[in-house]
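*Asks:* Let's see this in three dimensions:
(4 chains)
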Number of protein chains: 2
Amino acid sequence: MGDVICTVDVVLLTLRTAALHVLLHRREREPFQNVLALPGGYVHPHTDRDTRDAALRVLQDKLGIQSPYLEQLATFSGPARDPRGWSVSVAYYALVPENLIGNGKDCSGTTALCPVDDLRGLPFDHAQIVETAVHRVRNKSSYSSLPMHLCQAPFTLPQLQTVYEAVLGEPLNKVSFRRKMDELAVLEAIPGAFSSGNAHRPAQLYQLKPAWRHALSVTERGI
Amino acid sequence: MGDVICTVDVVLLTLRTAALHVLLHRREREPFQNVLALPGGYVHPHTDRDTRDAALRVLQDKLGIQSPYLEQLATFSGPARDPRGWSVSVAYYALVPENLIGNGKDCSGTTALCPVDDLRGLPFDHAQIVETAVHRVRNKSSYSSLPMHLCQAPFTLPQLQTVYEAVLGEPLNKVSFRRKMDELAVLEAIPGAFSSGNAHRPAQLYQLKPAWRHALSVTERGI
DNA sequence: TAAATAGTGTCTTTAAGACAATATGCC
DNA sequence: GGCATATTGTCTTAAAGACACTATTTA
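*Replies:* Coordinates of the predicted model:
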């Protein structure tokens, strides 16, 4: 009964040039040594408090990324998804602003940021896991504050609207968008802080209220 | 690495007297022998194609229930949730109409149907799993055809509305409800079939279109 | 025909979207 | 001042809810 391989995989998503990208990591060992794949690894029952802990450890050890927005996605299982044998992978997805990537390790070709709509050659069932994650993120973004975790604070409302539009893939009504952001009630204006340097009116800068740094607010009827 | 216990648990929900109930099963073995708990068991890598398959097997073997609406809920893990050791449980939830329960085995005290808002003494972290399932079902019911799987076909629209109201815990506008059922587009009227036996106008009988027996339809703005 | 519930028409209220006017920085 | 974008006001449109009217059965 104990011959089930138990792993975690992390789909780390970010926004680059208005398109969702996933961070892939070059595998150090067999199977699929040197192939780009989702960062993941065995659950370490002696040190991990749970699978979420294992996912955070993977992010820290393999990518040097700490404390992103992290949520359980789904669990994938079966005899064929991993050549080592019958396996269970608890998948998580993380959202980070682009600037957070590369601050840690790498810079050496061990990671790559790939557009989620143009992925090829992923090992295991990682293509399906990424697809599930992207679907979840796009869906959840349509009624919640989720995309705010892709935005580097401080940010302006027009910048945030651009992020929402990139994730959702459709233009949004400016007035409605602002009404919705107000309804979500997770942003706080930074007093006296405005965007600058542009040849036009500066915009108010905002940040997530601290209580919402790792939580979501949802609207009744969608963004 | 292989010393992680891998199990599935199933939260089987039904509606009895307008209240959500969960089907519990008396454990045949240690730990918690003879205690009522969620039906569950080890993943069998030699026979299960995946964890969903394991959940269906558990439903069949322990409860004699086949082919309900079944969906993955979440995965629960950690060193303390199971006294046997560090464990991962992939939880599923199933929805069935009440009449389907008891057609199989039991009738002998090995199972019990308990109201989800009045559960005590559940072993493991099963209380948390049930709570998560109920939360998921209530939330998903607010914008989808999910509650239809709690309804024995054929059913009338007023009956279905009662089911939605029971799950959501609030009264619904009759006209809006019918507009939404029309928008979901998953029901088909059974030609010439009407409810009868009551001292009032009979109601048209409906059933799920076959394509939607194991799928969900969702609305843009909620029920 | 009275009672009870099913089913529908329509008015009111509320939310969403379109449009435009004003605000404010930098050149 | 002129330009570009931010922000806000307000009108239009669409969805949701309230209410009431008609329909159809049994007692």
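
*Asks:* Domain map for chain A?
*Replies:* A:5-125, A:146-212 (automatic domain parsing).

*Asks:* Please identify which of those is closest to DNA strand D.
*Replies:* With CB to the nearest atom of the strand, the closest approach to DNA strand D among the domains of chain A belongs to domain A:146-212: 3.0 Å. Where you see a C-beta, it was placed from the backbone N, CA and C, and this is true even at glycine.

*Asks:* Would you agree residue A:6 falls within a strand?
*Replies:* Yes: when DSSP: H, G, I helix; E, B strand; the rest coil is applied, residue A:6 is found to be in a strand.

*Asks:* And it, what's its pLDDT?
*Replies:* As predicted, residue A:6 sits at a pLDDT of 97.

*Asks:* contact partners of the longest helix along chain A?
*Replies:* The residue-count maximum for a helix in chain A (DSSP state H) belongs to helix A:126-141. With contact meaning CB atoms under 8 Å, 6 or more residues apart in numbering or on different chains, helix A:126-141 is reached by A:9, A:11, A:13, A:20, A:22, A:37-38, A:73-74, A:76, A:89, A:91, A:93, A:95, A:116, A:119, A:122, A:146-147, A:164, A:167-169, A:216, A:223.

*Asks:* from the residues you listed, which would you call buried?
*Replies:* Neighbour counting with 16 or more other CB atoms under 10 Å in any protein chain shown marks A:9, A:11, A:13, A:20, A:22, A:37-38, A:73-74, A:76, A:89, A:91, A:93, A:95, A:116, A:119, A:122, A:146-147, A:164, A:167-168, A:216, A:223 as buried within these.

*Asks:* just the strands in chain A please.
*Replies:* For chain A, applying DSSP state E gives strands covering A:5-16, A:19-26, A:36-37, A:40-42, A:69-78, A:87-95, A:111-115, A:155-156, A:187-194, A:204-208.

*Asks:* Tell me where the model's unsure across chain A.
*Replies:* A:1-2, A:103-108 (pLDDT under 70).

*Asks:* Quick one: name the residues of chain A near chain B.
*Replies:* Contact residues (CB under 8 Å from any CB of the partner chain) of chain A with chain B: A:1-6, A:42-45, A:49-52, A:72, A:74-75, A:77-79, A:85-86, A:88, A:90, A:220-222.

*Asks:* run the last query once more with 7 Å
*Replies:* Residues of chain A found near chain B (CB under 7 Å from any CB of the partner chain) are A:1-4, A:6, A:42-43, A:45, A:49-51, A:72, A:74-75, A:77-79, A:86, A:88, A:90, A:221-222.

*Asks:* List only buried entries from those.
*Replies:* A:4, A:6, A:42-43, A:45, A:50-51, A:72, A:74-75, A:77-78, A:86, A:88, A:90.

*Asks:* Let me know the closest of the residues you listed to residue B:208.
*Replies:* Lowest distance from residue B:208 to these (CB to CB) belongs to residue A:74, with 24.8 Å.

*Asks:* Can you give me the neighbour number for residue A:114?
*Replies:* 17 (other CB atoms under 10 Å in any protein chain shown).

*Asks:* Pick out the residue closest to the middle of chain A.
*Replies:* In chain A, the residue lying closest to the centroid (CA atoms, centre = their mean) is residue A:95, at 2.4 Å.

*Asks:* wait, what's in contact with that residue?
*Replies:* By CB atoms under 7 Å, 6 or more residues apart in numbering or on different chains, the contact set of residue A:95 is A:13, A:68, A:69, A:146, A:149, A:150.

*Asks:* returning to that earlier point: quick one: closest of the domains of chain A to residue B:27.
*Replies:* Ranking these by distance to residue B:27, with CB to CB as the measure, places domain A:5-125 first at 22.6 Å.

*Asks:* now the end-to-end length of the closest one.
*Replies:* Using CA to CA, to the nearest Å, the span of domain A:5-125 from its first residue to its last is 15 Å.

*Asks:* if I look at whichever residue of chain A sits closest to DNA strand C, how far off is residue B:75?
*Replies:* With CB to the nearest atom of the strand as the measure, residue A:201 is the residue of chain A nearest to DNA strand C, at 2.8 Å. Distance, residue A:201 to residue B:75, using CB to CB, to the nearest Å: 49 Å.

*Asks:* With residue A:47 instead?
*Replies:* Plainly put, residue A:47 is 19 Å away from residue B:75 if you go by CB to CB.

*Asks:* What's the local residue count around the closest residue to residue A:69 other than its chain neighbours?
*Replies:* Nearest residue to residue A:69 in three dimensions, chain neighbours excluded: residue A:149, at 3.9 Å (CB to CB, 6 or more residues apart in numbering or on different chains). Neighbour count of residue A:149, defined by other CB under 10 Å: 23.

*Asks:* these two touch, right, residue A:149 and residue A:67?
*Replies:* No: using CB atoms under 7 Å, residue A:149 is not in contact with residue A:67, being 11.1 Å away.

*Asks:* can you list residues touching both of the two?
*Replies:* Between them, residue A:149 and residue A:67 share no contacting residue, judged by CB under 7 Å, 6+ apart.

*Asks:* Could you report the neighbour count for residue A:179?
*Replies:* By other CB under 10 Å, the residues close to residue A:179 number 13.

*Asks:* any idea how far it is from residue A:56?
*Replies:* Distance of residue A:179 to residue A:56, computed by CB to CB: 35 Å.

*Asks:* show me what contacts residue A:70?
*Replies:* Contacts for residue A:70 (CB under 7 Å, 6+ apart) come out as A:52, A:55, A:56, A:92, A:94.

*Asks:* ok, it to residue A:136 distance?
*Replies:* 13 Å.

*Asks:* just residue A:113 next, same as before
*Replies:* Counting by CB to CB, the gap from residue A:113 to residue A:136 is 19 Å.

*Asks:* returning to what we had before: ok, which pair from the contacts of residue A:95 is furthest apart?
*Replies:* For these, the farthest-apart pair by CB to CB is A:68 and A:146; their separation is 12.4 Å.

*Asks:* Show the contacting residues for residue A:160.
*Replies:* Applying CB under 7 Å, 6+ apart to residue A:160 gives the contacts A:148, A:151.

*Asks:* change it to 10 Å
*Replies:* Going by CB atoms under 10 Å, 6 or more residues apart in numbering or on different chains, residue A:160 touches A:145, A:147, A:148, A:150, A:151, A:177, A:178, A:181, A:187, A:206.

*Asks:* The nearest residue to the fourth one once chain neighbours are set aside: how many residues sit nearby?
*Replies:* When the adjacent residues along the chain are set aside, residue A:150 lies closest to residue A:15, with 4.7 Å between them (CB to CB, 6+ apart). By the criterion of other CB under 10 Å, residue A:15 has 20 neighbours.

*Asks:* beta partners of residue A:15?
*Replies:* Using DSSP bridges, the bridge partners assigned to residue A:15 are residue A:20.
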